[in-house]
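>>> Model the structure of this input:
(chains A, B, C and D)
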2 protein chains.
Amino acid sequence: MASVDRSVVEGLPLFAGLAPEQIDQLLQEAQSVRYPKGTNVFQQDEEAHSFFILLHGHLRVFKLTPDGQQVVVRFVAPGEVFGVAMAIGRKTYPATAHAVVDSIALVWPSAAWPRLVATHPGLAVNTLQTVGSRLQDAHTRVVEMSTEQVERRIAHTLLRLAQQAGRKVEAGVEIDFPITRQDVAEMTGATLHTVSRVLSAWESQGLVEGGRQRIVVREPHKLFILAEGSSR
Amino acid sequence: MASVDRSVVEGLPLFAGLAPEQIDQLLQEAQSVRYPKGTNVFQQDEEAHSFFILLHGHLRVFKLTPDGQQVVVRFVAPGEVFGVAMAIGRKTYPATAHAVVDSIALVWPSAAWPRLVATHPGLAVNTLQTVGSRLQDAHTRVVEMSTEQVERRIAHTLLRLAQQAGRKVEAGVEIDFPITRQDVAEMTGATLHTVSRVLSAWESQGLVEGGRQRIVVREPHKLFILAEGSSR
DNA sequence: AGGCTTGTTTGCGCCAGGGCAAATAGGATG
DNA sequence: CATCCTATTTGCCCTGGCGCAAACAAGCCT
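Predicted coordinates:
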């Protein structure tokens, strides 16, 4: 198996403050693995055997409730760490990571984590930042779900998606991976039907442009105003 | 200022795996501060000057939305770390911590954090566990808010409160700090009125016992069944 | 004790948004 | 190009829970 070139991961938050030799050392313990579209990188409740950095592609991370409903936790973009269950003291993954397009990730065995952080204390500090920012995202979401109604939540979610995974295109900013209305519903705590209705309305106002598994934000600013609600 | 005895903090998760001398060393840099009931330990958006361990009392941590609504993030119980904004890479506190009873906390200056983790790498690892478990709590809450209706959310919240801050009493398990219906509403994303109605109904069924700023869970098991919904 | 503040209960009307059902439309597949 | 499968749209009805309003307690302060 060919080793991964340092330039691919240099500059990622996880490796901030580490010396090039240290990065090389860490990379030697990792494998690069392909996950074809439609496959799962790991599954909820499965033993947390590995942790990852996404090099290419996009993942949908979701939780399954006992009665079969899905809730999308987040989408993973290239450069992000994921599957750090072990580092935060879990034996199993709390959610499932699903490749929505062909994806490639660097994979470390979870068992190596204690040794890696012992050797490179910066890793723990950097991971703490990552987990901390996710905690803030989660709290933001709790606040939104507690205080905003559906239309605004969808607006906020779309703006976030556009920012995190937006690709500039003539018509506006396109979310650059296949995403369904159902996905948006599972991110906002709404139903597929309501999301469809809202997006249809926005489309007829020229705010967004829809399509099959495709969303283009045409007027981020107007959407923002809607999300923040300067009128109340 | 008198120094804090090691026995007070020995065994707390934050100090897991640290040698007694190391703990003493850390304690020397901390102050013990009293926060009378009704005062704020820190406020949202204020510069994150310190981080804390609660020694005694109870805190309500909440976020304030732009339009003035409060959302309770969590209650802090003795032994827990809080205010670690700086450690997760924030300059300001993302929420306000309010003493609901007279409280005492150990206080470290945030500025000391980088040096402390450099000297005691275990700190970062332990904090990572703490933040990680909060992330899971937050995700649990998101899932509940997305998929459950109000009555069940309240049931889950009460069970969690009983477990985290319950005091055994003749009638059942009493939440051992003053908590209002409004607080429960702000934890569940419901209104004060709905919470009051639900608790009244439960009280007439003998599931809980109410009172001013007081909740006693009489039948945890029945409440659990209600929360999980064996019937659907 | 009396009044005041703060928390709780309850009734009533209303509506955002979910549930259900059915039609439609893109893509993919053979 | 015909078929199938999945995603999307839309209509209609219904209800959980919110908003508003008012009446009650229970402490607390003077």
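>>> low pLDDT regions in chain A?
A:1-2, A:230-232 (pLDDT under 70).
>>> for DNA strand D, what are the nearby residues on it?
Selection of chain A residues close to DNA strand D by CB under 7 Å from any atom of the strand yields A:180-182, A:192-193, A:196-197, A:199-200, A:203, A:210, A:212-214. For every residue, glycine as well, the C-beta is placed using N, CA and C.
>>> Show me which of the residues you listed is closest to residue A:224.
Nearest to residue A:224 among those is residue A:199, at 16.4 Å by CB to CB.
>>> Just put the residues of chain A next to DNA strand D in CSV and tack on neighbour count.
Shown next, in CSV, are those (neighbours: other CB atoms under 10 Å in any protein chain shown):
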residue, neighbour count
A:180, 16
A:181, 23
A:182, 15
A:192, 14
A:193, 10
A:196, 16
A:197, 15
A:199, 19
A:200, 13
A:203, 16
A:210, 14
A:212, 7
A:213, 14
A:214, 14
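>>> what's the farthest-apart pair in those residues?
A:193 and A:214 (18.7 Å).
>>> The helix ranked longest in chain A and chain B, any residue contact?
Taking DSSP state H as the criterion, chain A has its longest helix at helix A:121-147. Yes - judged by CB under 8 Å from any CB of the partner chain, helix A:121-147 and chain B are in contact via A:121, A:124-125, A:127-129, A:131-136, A:138-139, A:141-143, A:145-147.
>>> Give me the ChimeraX select line for these, limited to the buried ones.
Buried residues within these, by 16 or more other CB atoms under 10 Å in any protein chain shown, are selected in ChimeraX with:
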select /A:121,124,125,127,128,129,131,132,134,135,136,138,139,141,142,143,145,146,147
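>>> need the strands for chain A, in chain order.
A:31-35, A:40-42, A:50-56, A:59-64, A:70-76, A:81-82, A:96-99, A:103-109, A:166-169, A:172-175, A:208-209, A:216-217 (DSSP state E).
>>> what would those strands look like in CSV with distance to residue A:151 and mean neighbour count?
Formatted as CSV, the strands of chain A follow (distance: least, CB to CB, whole Å; neighbours: other CB atoms under 10 Å in any protein chain shown):
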stretch, distance to residue A:151, mean neighbour count
strand A:31-35, 35, 16
strand A:40-42, 32, 20
strand A:50-56, 31, 22
strand A:59-64, 23, 22
strand A:70-76, 18, 22
strand A:81-82, 30, 22
strand A:96-99, 27, 22
strand A:103-109, 32, 21
strand A:166-169, 20, 13
strand A:172-175, 18, 21
strand A:208-209, 13, 21
strand A:216-217, 15, 22
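>>> mind putting the ones you listed in JSON lines, distance to DNA strand C included?
Shown next, in JSON lines, are the strands of chain A (distance: least, CB to the nearest atom of the strand, whole Å):
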{"stretch": "strand A:31-35", "distance to DNA strand C": "18"}
{"stretch": "strand A:40-42", "distance to DNA strand C": "19"}
{"stretch": "strand A:50-56", "distance to DNA strand C": "20"}
{"stretch": "strand A:59-64", "distance to DNA strand C": "16"}
{"stretch": "strand A:70-76", "distance to DNA strand C": "13"}
{"stretch": "strand A:81-82", "distance to DNA strand C": "26"}
{"stretch": "strand A:96-99", "distance to DNA strand C": "16"}
{"stretch": "strand A:103-109", "distance to DNA strand C": "17"}
{"stretch": "strand A:166-169", "distance to DNA strand C": "15"}
{"stretch": "strand A:172-175", "distance to DNA strand C": "13"}
{"stretch": "strand A:208-209", "distance to DNA strand C": "12"}
{"stretch": "strand A:216-217", "distance to DNA strand C": "13"}
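>>> Contact residues of chain A facing DNA strand C?
The interface of chain A toward DNA strand C, taken as CB under 7 Å from any atom of the strand, is made up of A:149-151, A:189-191, A:193-194, A:211-212.
>>> I'd like to know which of the residues you listed are buried.
The neighbour-count test (16+ other CB under 10 Å) marks A:150-151, A:189-190, A:194 as buried among the residues of chain A next to DNA strand C.
>>> Once you drop chain neighbours, what's closest to residue A:146?
Distance criterion CB to CB, 6 or more residues apart in numbering or on different chains; nearest residue to residue A:146, sequence neighbours excluded, is residue B:189 at 3.8 Å.
>>> What of residue A:88?
Nearest to residue A:88 is residue B:132, by CB to CB, 6+ apart, at 2.3 Å.
>>> tell me the domain ranges of chain A?
The record's domain parsing of chain A by automatic domain parsing lists A:6-138, A:148-228.
>>> Nearest to residue B:48, out of these?
For these, the distance to residue B:48 is smallest for domain A:6-138, at 11.8 Å, taking CB to CB.
>>> what about that closest one, how long is it end to end?
Across domain A:6-138, the terminal residues are separated by 32 Å (CA to CA, to the nearest Å).
>>> May I have the beta-bridge partners of the spatially closest residue to residue A:187 that is not a sequence neighbour?
Leaving aside its sequence neighbours, residue A:187 sits nearest to residue A:72 (CB to CB, 6+ apart; 4.6 Å). Per DSSP bridges, the residues bridged to residue A:72 are residue A:62.
>>> Show me which residues of chain A sit near chain B.
A:63, A:65-67, A:69, A:71, A:73, A:84, A:87-90, A:94-95, A:117-118, A:121, A:124-125, A:127-129, A:131-136, A:138-139, A:141-143, A:145-147, A:186, A:189, A:228, A:232.
>>> Swap in 6 Å and give it another go.
A:63, A:65, A:69, A:71, A:88-89, A:121, A:124-125, A:128-129, A:131-132, A:134-135, A:138-139, A:141-143, A:145-147, A:189 (CB under 6 Å from any CB of the partner chain).
>>> residues touching residue A:164, list them.
residue A:77 (CB atoms under 6 Å, 6 or more residues apart in numbering or on different chains).
>>> one more time with 10 Å
A:74-77, A:80, A:175 (CB atoms under 10 Å, 6 or more residues apart in numbering or on different chains).
>>> cool, residue A:64 as well?
By CB under 10 Å, 6+ apart, the residues touching residue A:64 are A:43-45, A:70-71, A:95-96, B:143.
>>> same thing with residue A:180?
Residues near residue A:180 by CB under 10 Å, 6+ apart: A:60, A:100, A:186, A:192, A:195, A:212-215.
>>> again, but for residue A:160
A:74-75, A:137, A:140-141, A:166, A:187, A:227.
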